[in-house]
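Visitor: 3D, please:
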Amino acid sequence: MKTIVVATDFSPNANRAAHVAMQLAQAQKASLILMNAFHFWPTNPSETGTNFPLSIQEMRNDSQHALMKLAHELHKQHGAEVPIRCLTREGYPIPSIREVTKDEKADLLVMSTVGTAPQSTQLMGSVATSMVAETNVPLLLIPPSAVHADIKNVVLGVDLDTPPDAVALDTALRFARQFGCVVNVLCINDHPTDAAVRTKAEHIRHLMASVPHTLTIRPGEEVYETLLTFSHANKADLIMMLPQPHNWLRRLFDEGNTERMARLTDLPLLAIV
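Guide: Below you'll find the model as predicted:
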């Protein structure tokens, strides 16, 4: 892992996620890129009741200043050995984040699950949860309650009804080797004793041969509850999921399992694409 991008809106939870990313960058000997996206909305300052910036340049300067302040805090608390760059983009958050991760050839994107509107996040989601379906790199989501810990015990959720994407699974295994962790594979299926289901599970076990792992098949109607309960029971440091691609029409009406988990989890979640 060479480059980690942190997208922040400067909220306390987003800055907490930046500290987790900084510690991960230290452990992986990676560089860190802090980025912020802003969107300029011209308005009458008298209507806002505040000193609203009057130009895009002023907003860009404010963003860059806040990023540099965050970088200084990270270096002050964790040491200066991790290189940090600060990038400001004018535009909507999701396309701006995609642009930065692509241009910088990022290996990982880190975001907080909760930004500036924590009360609505669990009900409607956030930019971070929406990013699950849009990201072009693995996405590590940090909930407010999470703190940095060595990643030694990981739960990987696998859907046996839909074969996992080979590239995404290979990326998951690469992360597991980098972390040096044990992977507890959880397959959720309504027919755990069915011979065809067990055959598919053995195929997954064969693909996991390069990393220490366990494999469990559990029944469950609610993927979120079953996966999170299993993760807590196994004292997991991290949950990994392989989001299934959906077309734009389905995304309008159907929230994916990974997006739902991102909205509700209290454990760090790594969505691998």
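Visitor: Report the separation between residue 153 and residue 267.
Guide: Using Cβ to Cβ, to the nearest Å, one gets 11 Å for the distance from residue 153 to residue 267. From N, CA and C alone the C-beta is placed, and that goes for glycine too.
Visitor: Next, show the common contact partners of those two.
Guide: Each of 236, 237, 238 lies in contact with both residue 153 and residue 267 under the rule Cβ atoms under 8 Å, 6 or more residues apart in numbering.
Visitor: Now, those that are in strands?
Guide: Cross-referencing the shared contacts of residue 153 and residue 267 against strands under DSSP state E gives residue 238.
Visitor: Filter the shared contacts of residue 153 and residue 267 down to the buried ones.
Guide: Burial of the shared contacts of residue 153 and residue 267 was assessed by neighbour count (16 or more other Cβ atoms under 10 Å); the buried members are 236, 237, 238.
Visitor: CSV for those residues, including distance to residue 158?
Guide: Shown next, in CSV, are these (distance: Cβ to Cβ, whole Å):
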residue, distance to residue 158
236, 15
237, 18
238, 15
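Visitor: which among those residues gets closest to residue 164?
Guide: Taking Cβ to Cβ as the measure, residue 164 lies nearest residue 238 of these, at 17.5 Å.
Visitor: which residues sit in contact with that closest one?
Guide: With contacts taken as Cβ under 8 Å, 6+ apart, residue 238 has the following neighbours: 151, 153, 154, 155, 179, 181, 267, 268, 269, 270.
Visitor: For residue 12, see how far away it is.
Guide: Between residue 238 and residue 12 the distance, using Cβ to Cβ, works out to 22 Å.
Visitor: Report how many residues lie close to the residue nearest to residue 161 when sequence neighbours are not counted.
Guide: Ranked by Cβ to Cβ, 6 or more residues apart in numbering and with sequence neighbours excluded, the top spatial neighbour of residue 161 is residue 189, at 7.1 Å. In terms of burial, residue 189 registers 20 neighbours under the definition other Cβ atoms under 10 Å.
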